[in-house]
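Chemist: how does the following fold in three dimensions:
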Amino acid sequence: MIKQATALDVDLIAPLFDAYRVFYGQESDVEAAKNFLLERFRKGENVIFLALENEIPVGFTQLYATFSSVSMQQFYILNDLFVAPEVRKKGIGEQLLNHAKEFCQLKNGKGLALETATDNPAQKLYERLGWEKDEGYLHYFWKNPQ
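Modeler: You can find the predicted model right below:
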């Protein structure tokens, strides 16, 4: 089952969010994860879809809204997608991605953007679900030296 999460679900999401961050090389800190998620919900900055299997949280995806000045439309950044290792290969990631797409359509958004590592095997899933690799643009990031 996939549901749109609220701040009331933070205790369910935080361990998954923490595991996601650990997967990307960060130190585990479930309390900081809870605080980060609560702040996003408090400010209305995120949309999270939570996957439950037998009422146990097993995955999530987090979207952030932004805008395209050129098209003058809102779109969403699919910033986070995580499925617990023990339930991978069961279609949960696909369900989460499809929920994000349905949400974007419901909100009449321009689309969804995501970035991923060049060696991420999920690329095949993204492409099978209609995501197109953008070969026409380079991605740059300025890192604050503080």
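Chemist: can you give me the helices in this structure?
Modeler: Using DSSP state H, the helices found in the chain span residues 10-23, 30-42, 92-106, 123-128.
Chemist: any chance you could list what contacts the third one?
Modeler: To tie it back to what came earlier, the one meant is helix 92-106. Outside helix 92-106, the residues that touch it by CB atoms under 8 Å, 6 or more residues apart in numbering are 2, 4, 47, 49, 51, 53, 58-61, 63, 75-76, 78, 81, 83, 111-112, 122, 125-126, 129-130. Where C-beta positions appear, they are placed from N, C-alpha and C, glycine not excepted.
Chemist: now do it, average pLDDT.
Modeler: Averaged across helix 92-106, pLDDT comes to 97.
Chemist: show me which positions of it end up buried.
Modeler: Residues of helix 92-106 classed as buried under the neighbour-count rule (16 or more other CB atoms under 10 Å) are 92-93, 95-97, 99-101, 103-104.
Chemist: and if you look at the first one?
Modeler: Of the residues in helix 10-23, those buried by neighbour count under the rule 16+ other CB under 10 Å are 10, 12-14, 16-21.
Chemist: looking at these, which one is closest to Arg42?
Modeler: Val10 (10.5 Å; CB to CB).
Chemist: any stretches of this structure with poor pLDDT?
Modeler: The chain contains no residues with pLDDT under 70.
Chemist: sheet partners, orientation included, of the longest strand anywhere in the chain?
Modeler: Counting residues, the longest strand found in the chain (DSSP state E) is strand 56-68. Strand 56-68 pairs in its sheet with strand 47-53 (antiparallel), strand 73-83 (antiparallel), by DSSP bridges.
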